[in-house]
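Enquirer: kindly generate the corresponding structure for this input.
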Amino acid sequence: MKSVRLNHLRAGLLAVAAAGLLAAVGLVVVLYAQPAEANFPGKPGKIAFAGLDAPNGDYEIYTINANGGGKKQLTDNNLDDRDPAYSPSGKKIVYSGREAPNGDWEIYTINANGGGKKQLTDNSMSDYDPSYSPSGKRIAFGEYDGNDEEIYTINSGGGGKKQLTDNSTGDYEPLYSPSGKKIAYTGEDGPNGDYEIYTINAGGGGKQPVTDNSSDDYWPDYAPSGKRIAYTNSVTGGDEEIYTIKPDGGGRLPVTDNSSDDYYPSYSPSGKRIAYVNSAGTDSEIWTIQPGGGGRQQVTDNANNDRDPYWGSQ
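Expert: Below is the predicted model:
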C-alpha cells in the first residue's frame, strides 16, 4: 500500500526542483517524509504539532496542552514548517522548514516557548524528519540527495554531519531509542516494495528488521521505557491503524481499530498515553489514547488540518 503512505507521507510538501542539474533538465521531484518521533522518560508536558494556518495556507509549529488548552503558535512566516520534535529537556524544538515557497527543506531549532530560531542545515538537498538523541547532543534526520532518501545525524548546534544509511531504497523517519544506542526508522523493502520498520546502531551498521510483512509499516516511535515501538500499519484495501511491537519484532498489539485513519503515534514521556492523528474525511485532528487502546480523548478541534504530534516533557 505504498500509495496510501505517499498520500500522508509525501503529499503536498516537496515539489522540489533539486538544485542546478535537475532544474536544468526540468525534473521536478515530489518528495516528503513525515516526522519521526522519539520520546524520553519524564513528566508529560505540551504536545508540539504542525497546524495549517488558514489565512496563509501554510503549516506552522504550535504547542498545546494534552487537554486541548493553552495553544501557542511558535512559527509564523508564510512558509511550511513541520516535523516538530522536543529536545530531552523540553526546552527546544527541532523541526523542518522550507527556505522558500517552492524551495528545499532545512532543519531548524526554536525555543519551546518561541524565539531563538536557529538554522542547522543549509544545502541544496531537502532535510526533514529531525529528532534529538537522549543526550541532546545529536539530531537524526532524513535527507534527499537527488536519488533517494538516507539517514544522517548532525550536532544539535549544527555541524558534524554523518551518514548512517547508504543504499538504493528510501530510508525515512529516524529516531533514537531512549538508551541512545539504536535508531529506529522506516525503510523501503526493495524486494517487496513495501515499507517496514528497522533499527540500526546509532553510529551506523547493525541493521535489523522489526516488522516484516506485505503491508506498509511506518512512523515508528519508541516508548520511553524502550521496550516497545508504536507505529502505523496500512493494509491493502484498508485504513491506517496504530500498533505497538517489541523492538525484536515480537508481541505485536493493536492500539486503534476503526474505520478512519490513525497515524503519527507519539508516546507521552510517562508512557501512559499516545498522541496521534485521526483523519476522517478531509479533516485531521490530534487525539490521545492509552497504549493498550481505550480512553480516547480529542486534543484539537478546528476546521484546519493538524498533524505531526510530538509529546514533550516538562
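Enquirer: surely residue 254 meets residue 293?
Expert: Yes: assessed by C-beta atoms under 8 Å, residue 254 is found in contact with residue 293 at 6.6 Å. No exception for glycine: its C-beta is placed from N, CA and C like everyone else's.
Enquirer: so who does residue 259 touch?
Expert: residue 239 (C-beta atoms under 8 Å, 6 or more residues apart in numbering).
Enquirer: and the pLDDT at it?
Expert: The model reports residue 259 with a pLDDT of 89.
Enquirer: distance of it from residue 284?
Expert: Residue 259 is 15 Å from residue 284, where distance means C-beta to C-beta, to the nearest Å.
Enquirer: for this structure, which strand is longest?
Expert: In the chain, taking DSSP state E as the definition, the longest strand is strand 44-53.
Enquirer: which element follows that one toward the C-terminus?
Expert: Per DSSP states H and E, strand 44-53 leads on to strand 58-64 as the next helix or strand towards the C-terminus.
Enquirer: orientation of that next one relative to strand 44-53 in degrees?
Expert: 160 degrees (axes from the mean of the first three to the mean of the last three C-alpha atoms, to 10 degrees).
Enquirer: now strand 58-64: how far from the chain's centre is it?
Expert: Centre-to-centre, strand 58-64 and its host chain are 14 Å apart (C-alpha atoms, centre = their mean, to the nearest Å).
Enquirer: and stretch 301-314, by the same measure?
Expert: Offset of stretch 301-314 from its chain centre (C-alpha atoms, centre = their mean): 12 Å.
Enquirer: how about that stretch: buried residues?
Expert: 305, 306, 307, 308, 309, 310, 311, 312, 313 (16 or more other C-beta atoms under 10 Å).
Enquirer: residue ranges of the strands in the stretch 151-300 of the chain, please?
Expert: Per DSSP state E, counting those that start in this stretch, the stretch 151-300 of the chain carries strands over the ranges 162-163, 171-176, 182-188, 195-201, 208-209, 216-222, 229-234, 240-245, 253-254, 261-267, 274-280, 283-289, 297-298.
Enquirer: closest one to residue 130 among those strands?
Expert: Closest approach to residue 130 among the strands of the stretch 151-300 of the chain is made by strand 171-176 (8.7 Å; C-beta to C-beta).
Enquirer: helices and strands around the closest one, which ones?
Expert: When contacts are defined as 3 or more C-beta pairs under 8 Å, 6 or more residues apart in numbering; DSSP states H and E, strand 171-176 sits against strand 126-132, strand 138-144, strand 149-155, strand 182-188, strand 216-222.
Enquirer: in its sheet, what does the second one sit against?
Expert: If I follow you right, that is strand 138-144. Under the criterion DSSP bridges, strand 138-144 sits next to strand 126-132 (antiparallel), strand 149-155 (antiparallel) in its sheet.
Enquirer: isn't residue 91 up against residue 112?
Expert: Yes: with contact defined as C-beta under 8 Å, residue 91 reaches residue 112; the gap is 5.5 Å.
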